[in-house]
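Q: got a predicted model here, sequence first, then my questions.
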Amino acid sequence: MAFAMFLAYSCQEYEMRDDVVPEKMGHGKTLTVGVASDPQTRVGFDENNSFYWHKGDKIGVLTVSGFKEMILDDMYHGQASGVFSGDFEEEIGDYAVYPHGAHAMADGQLVYVLPSSYTYSSIAEEENSFNPPMAGKIDGGSATLNHLASFIKVSVNNIPAGGDDMKFVLTADKRITGEFTVDLSDDTPVILTDDAAGNTVTISFSNTVPGNDGVFYVPVPLGDYGTITAEVRNGDETLVSKTWTEQTVTRKTPKRGTVASDHVAEIEGHPYMTLQDAVDASDNQTIVVVSDVDLNSTVVFAAGKTAVLDLNGMTVSDVATSASASCLIDVKTGADVTIKNGTLTFAATTPDTQWGEDGLPDYPGYANNTIRNAGTLTVENAVLENRTKKGGASYVIDNYNGAKLIVNDGSVITQMGGDIAIRMFNGSAGAIDVTVNGGVITGYRAFWIQLASNNTSVAPVMNLTVTGGTLTSADPTYQQAVYSYSYGNDMKNVTINVSGGTFNGDIALTGGANKTNIETVNISGGIFNGPWNIYSYGADEKAAEAITITGGTFSYAPTDYLADGYVAVQTEEGWIVSAGE
């Protein structure tokens, strides 16, 4: 939380506008109103201590029937003097009071009422009037007002979202509401606080935007205050609170304070101080991140957890400092997580020599992943990065046995340090299913399908489906957008289905030890810009049986893999595959 209260004093002179002739509207009344130029009687309004009227400002003018309302003409918003209009029959009397309220004149004394509640239609800066109490004599068609008291401005940052029952509450140890008697004949008429009841002002508002900022203005009497407390509440729940002590309020020193909630995430308006706390509390709900988060430990979505992580335009990041910090986000088996609308970035930048033995490489030699996925993960309109230096094992998304991954439009997944963007890692029973419907995926390999075991009797199920998006290899030598590799497992249950998307790099198959059986590949669409487009390290005859092409546009003629009845015709766009005549 941060707080700043400072002197507000201005020596700037404000002149009444003499170039405007008030024009009566119908049978209504008009009055030109400004503020006295003596700086001793004036409070600054904005942060530069400049006075101006606010759209919707209202004054009360004394008549034989009491104070009548007059409203600022819109054209004078933001000016130091302005014309107010009112529609009433009574003649305007001797005094004008700002703002209009339940004020009265009794025995020649002004009874000024400071309200205990207000309602804001918006909490944005400059949307609401400051409302410092003012009064002055009316002379003909104009009035000059003097400040009777002051105001407190509190800026609240990072407000949790709530419903229509949100409140800003200012509480003082002295009276700040109710009726105050002012002798306007005094040389310096003022409103002074006392020890009577009336210590709280409530401003009602609504806020549906997580992490919103708001500004609140409370007119207060002059005097010394032992404590002033500002709170934001959602119903009866206090979301933000700050207390200041030993504050003196004068007409030359209005108070301005800032209070901020240090929560980083919300669920349905409830704030959470850490992202892990929000994840743990979520129950098939959306977690909204409301500020950038620099983690120092992995955020874990436990088995059975279903949640949407809405990054809300924010960045969640971490830099690994030890081998134990192996990922930013960990989606456990059985969890179902959607990540959207923001950035996740992770890196291990400290080399192994910082905690290992001499002679180890100058890059992190342990695996580190931006996301470790063993559950179901959907990525929508999110930027995911891994910045680890090439040499170790680093992945943006590392998928393990049983994982499902869906990448949708708007997503940008990048291994920026020179390793794999998305890995599919399985050496046992249980399938890994990955679907790319859109987005941009870039790494030395956009995808690495890795069969992890040397057990030749095991054939892990690996399914990669590409319907859209762009897969790019940043490796200038091999240019493999997709690389399938086995340490020894049988590859017969690896399937790649492509019906769309763009491949800036090849699909390279059957790398590694076991080439007895090779992957099954079906290509019915897409654009292929690699030097070879698709090939296998296995036997040519096996590749010809396992790879089937029925559509797509290729930079290199895919003659060896065309399905029966299909042809590849060279055009300016490349070799286009279609059914033959």
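A: Perfect, I can see it now.
Q: what residue ranges in this protein score low on pLDDT?
A: Residues of the chain meeting the criterion pLDDT under 70: 1-27, 37-50, 321-325, 349-367.
Q: count of neighbours near the closest residue in space to residue 542 that isn't next to it in sequence?
A: Nearest residue to residue 542, sequence neighbours excluded (CB to CB, 6 or more residues apart in numbering): residue 518, at 5.1 Å. (Each C-beta comes from the backbone N, C-alpha and C, glycine too.) Neighbours of residue 518 under the rule other CB atoms under 10 Å: 24.
Q: equivalent analysis for residue 246, please.
A: By other CB under 10 Å, neighbour count at residue 246 equals 9.
Q: looks like it contacts residue 173 (just checking).
A: No. With contact defined as CB atoms under 8 Å, residue 246 does not reach residue 173; the gap is 10.6 Å.
Q: now for the two: what residues contact both?
A: Common contact partners of residue 246 and residue 173 (CB atoms under 8 Å, 6 or more residues apart in numbering): 225-226.
Q: which residues of the stretch 251-400 of the chain fall in helices?
A: 275-281 (DSSP state H, counting those that start in this stretch).
Q: how far away is the residue nearest to residue 542 from residue 536?
A: 6 Å (CB to CB, to the nearest Å).
Q: shared neighbours, those two?
A: 509-510, 542-543, 546.
Q: ok, what's across the strand from residue 562?
A: Judged by DSSP bridges, the bridge partners of residue 562 are residue 549.
Q: which residues touch it?
A: 549-550, 568, 577.
Q: can you tell me which two in those are farthest apart?
A: Across the contacts of residue 562, no pair lies farther apart than 550 and 568, at 10.9 Å, counting by CB to CB.
Q: the domain parsing of this structure - what is it?
A: 29-260, 298-532+547-556+570-579 (automatic domain parsing).
Q: so for residue 276, which of those domains sits nearest?
A: That would be domain 298-532+547-556+570-579 among the domains of the chain, by CB to CB, at 5.4 Å.
Q: could you measure from the closest residue to residue 162 other than its chain neighbours over to residue 286?
A: Setting aside the residues directly before and after it, residue 162 is nearest to residue 234 in space (CB to CB, 6+ apart), at 3.7 Å. Going from residue 234 to residue 286 by CB to CB gives 17 Å.
Q: give me the more crowded residue out of those two.
A: Comparing residue 234 with residue 286 by other CB under 10 Å, the one with more neighbours is residue 234, at 20 against 16.
Q: now the phi/psi pair for residue 559, please.
A: Per-residue torsions, residue 559: phi -60, psi -40 (degrees, to the nearest 10).
Q: just to revisit the earlier point, out of the domains of the chain, which one sits most buried?
A: Of all the domains of the chain, domain 298-532+547-556+570-579 has the most neighbours on average by mean count of other CB atoms under 10 Å, namely a mean of 20.
Q: measure it end to end?
A: 51 Å (CA to CA, to the nearest Å).
Q: could you tell me how far it lies from the centre of the chain?
A: In terms of CA atoms, centre = their mean, to the nearest Å, the gap separating the centre of domain 298-532+547-556+570-579 from the centre of its chain is 27 Å.
Q: in helices only, show me the shared contacts of residue 518 and residue 536.
A: 542-543, 546 (DSSP state H).
Q: name the nearest of these relative to residue 134.
A: Among these, residue 546 lies closest to residue 134 (CB to CB), at 85.3 Å.
Q: is it true that the closest one touches residue 519?
A: Yes. Using CB under 8 Å, residue 546 is in contact with residue 519, at 6.2 Å.
Q: between those two, which contacts overlap?
A: With CB under 8 Å, 6+ apart, residue 546 and residue 519 have common neighbours 509, 536.
Q: residues in contact with the helix or strand harbouring residue 578?
A: Following DSSP states H and E, one finds residue 578 within strand 574-579. Outside strand 574-579, the residues within contact range by CB under 8 Å, 6+ apart are 527-528, 549-558, 562, 565-570.
Q: now do stretch 312-322
A: 210-211, 275, 288-296, 299, 325-326, 328, 341-350, 355, 364, 368.
Q: please write out the alpha-carbon positions of stretch 426-444 in CSV.
A: Extracted in CSV, the C-alpha atoms of stretch 426-444 (Å, rounded to 0.1, in the frame of the first residue of the first chain):
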residue,chain,number,x,y,z
ASN,A,426,5.5,-40.5,-23.0
GLY,A,427,7.1,-43.8,-22.5
SER,A,428,4.3,-45.9,-21.1
ALA,A,429,0.6,-46.6,-21.4
GLY,A,430,-1.9,-43.7,-21.6
ALA,A,431,-2.4,-41.3,-24.4
ILE,A,432,-1.2,-37.7,-25.0
ASP,A,433,-3.6,-35.8,-27.3
VAL,A,434,-2.6,-32.3,-28.6
THR,A,435,-4.8,-30.2,-30.9
VAL,A,436,-3.7,-27.0,-32.6
ASN,A,437,-6.7,-24.9,-33.9
GLY,A,438,-4.8,-21.7,-34.2
GLY,A,439,-2.1,-19.5,-32.8
VAL,A,440,1.6,-19.2,-33.5
ILE,A,441,4.0,-21.8,-32.1
THR,A,442,7.8,-21.2,-32.5
GLY,A,443,10.9,-23.0,-31.3
TYR,A,444,13.9,-24.8,-32.6
